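A.B. asks: Need a 3D model of the following:
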Amino acid sequence: MNMSRFDGVDWRSIIKKYQPDAWRSIWQIVNTVVPYIALWAIMFWSVGVSYWLTLLLSIPTAGFMVRTFIIFHDCGHGSFFKLRRANLIVGIITGILTYTPWQLWWHEHNVHHANAGNLDKRGTGDVDTWTVEEYLAAPFWKKVWYRIMRHPLVMFTIGAMAVFAIVKRIPLPSHGKKERASIWWTNLALLLIVSGLIWLVGWKTYLLVQLPVLLFGTSAGVWMFYVQHNYEGVYWERQENWDFYKAAMNGSSLYELPAILQWFTGNIGYHHIHHLGSRIPNYKLQECFEENPLFQVRSLNIWSSLKTLRLRLWDESNKKMVGWEALKKYHKETKMA
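C.D. replies: Predicted structure coming up:
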């Protein structure tokens, strides 16, 4: 089977047309990183005026944090610039600004792209998703932990913050040498930046500014990642039946957002195209979608995406995501058997 063709169309030749444009990339850095840092500074000033103003400013600041992360994300795919060194330099800097070690993210995220939708290769760079059978067979304490971590009030608040503020600060034995080094260097850079800011404004002011930005920014980021791979009709298969094209087109969502939210999230709502062609820069994803009927798929909007919050487990026998209520059915069937 020719993996480059689907329905007689060579999709690889299509996505190759959408290459990085250095000037558009530079302009995106200017209109993203500059206001992100500027708003940070204004927030420190605003604490002395009104903390309500500070909290209000934290929302657009968090939006620019997400947009900065998109630049970092593209650099990790080698899609922001044609030059590898340019992607490396910008990626490391934007990674520090978004609390993410460059090499660690590069490794985990590319593993995610290579295995998205593959039930036999879950667990690296993705939202933890169990099958119904795995949940039923798990010990009680693991079930409780899974329920806690999949609860929206945890996943999109303290869970999201913990991933970027704590988890990504810790080098583990399972990490490679380069990943551990990346974590340590990022930690050192953050220590110097945070220490300098605390010296300038005090630890209390620093936390009053940084915590809401981190909360809103990481919550939005984890929400986007969640809804990209957890929705009704999503694709999951075992290794022997897994297909890259189907995993991209049916295992990654098309998330239609209002223009302002699409701008802040760097067009990553066209996630099915991103998974099909990760070398397409974020500012050309919409263009690729609109010019190629092959990439037109069923979309999610804000309202329909909220309905995905009830989906917690993969029902392997019926090939669909289900909520906790589905477990009652399985318990009844087990008793009848």
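A.B. asks: For the protein, name the helix or strand with the lowest mean pLDDT.
C.D. replies: One helix or strand of the chain scores below all others by mean pLDDT, DSSP states H and E: strand 5-6, with a mean of 48.
A.B. asks: Quick one: the strands in the stretch 151-300 of the chain, in order.
C.D. replies: Listed in chain order, the strands found in the stretch 151-300 of the chain under DSSP state E, counting those that start in this stretch are 254-255, 299-300.
A.B. asks: JSON lines for those strands, including distance to residue 211 and mean pLDDT?
C.D. replies: All C-beta atoms are positioned from the backbone trio N, CA, C, and that covers glycine. Compiled in JSON lines, the strands of the stretch 151-300 of the chain are given as follows (distance: least, C-beta to C-beta, whole Å; pLDDT from 0 to 100):
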{"stretch": "strand 254-255", "distance to residue 211": "27", "mean pLDDT": "96"}
{"stretch": "strand 299-300", "distance to residue 211": "30", "mean pLDDT": "93"}
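A.B. asks: can you pull the contacts of the residue nearest the centre of the chain?
C.D. replies: Nearest to the centroid of the C-alpha atoms of the chain, with distances taken as C-alpha atoms, centre = their mean, sits residue 225, at 3.7 Å. Under the criterion of C-beta atoms under 8 Å, 6 or more residues apart in numbering, the contact partners of residue 225 comprise residue 127.
A.B. asks: Show me the helices in the stretch 151-300 of the chain, by range?
C.D. replies: For the stretch 151-300 of the chain, the helices identified by DSSP state H, counting those that start in this stretch occupy 152-153, 159-165, 177-201, 203-229, 244-251, 259-264, 271-276, 285-291, in order along the chain.
A.B. asks: which helices and strands does the second one pack with?
C.D. replies: I take that to be helix 159-165. Other helices and strands packing on helix 159-165, by 3 or more C-beta pairs under 8 Å, 6 or more residues apart in numbering; DSSP states H and E, are helix 203-229.
A.B. asks: Now the helix it packs on: buried residues?
C.D. replies: Across helix 203-229, burial judged by 16 or more other C-beta atoms under 10 Å covers 205-206, 208-210, 212-229.
A.B. asks: Then stretch 232-251?
C.D. replies: Buried positions in stretch 232-251, judged by neighbour count with 16+ other C-beta under 10 Å: 234-237, 242-245, 247-251.
A.B. asks: Do I have it right that residue 170 meets residue 183?
C.D. replies: Yes: proximity of residue 170 to residue 183 meets the contact threshold set by C-beta atoms under 8 Å, at 7.3 Å.
A.B. asks: How about residue 35, nearest residue that isn't a chain neighbour?
C.D. replies: Beyond its immediate neighbours in the sequence, the residue positioned closest to residue 35 (C-beta to C-beta, 6 or more residues apart in numbering) is residue 64, lying 5.5 Å away.
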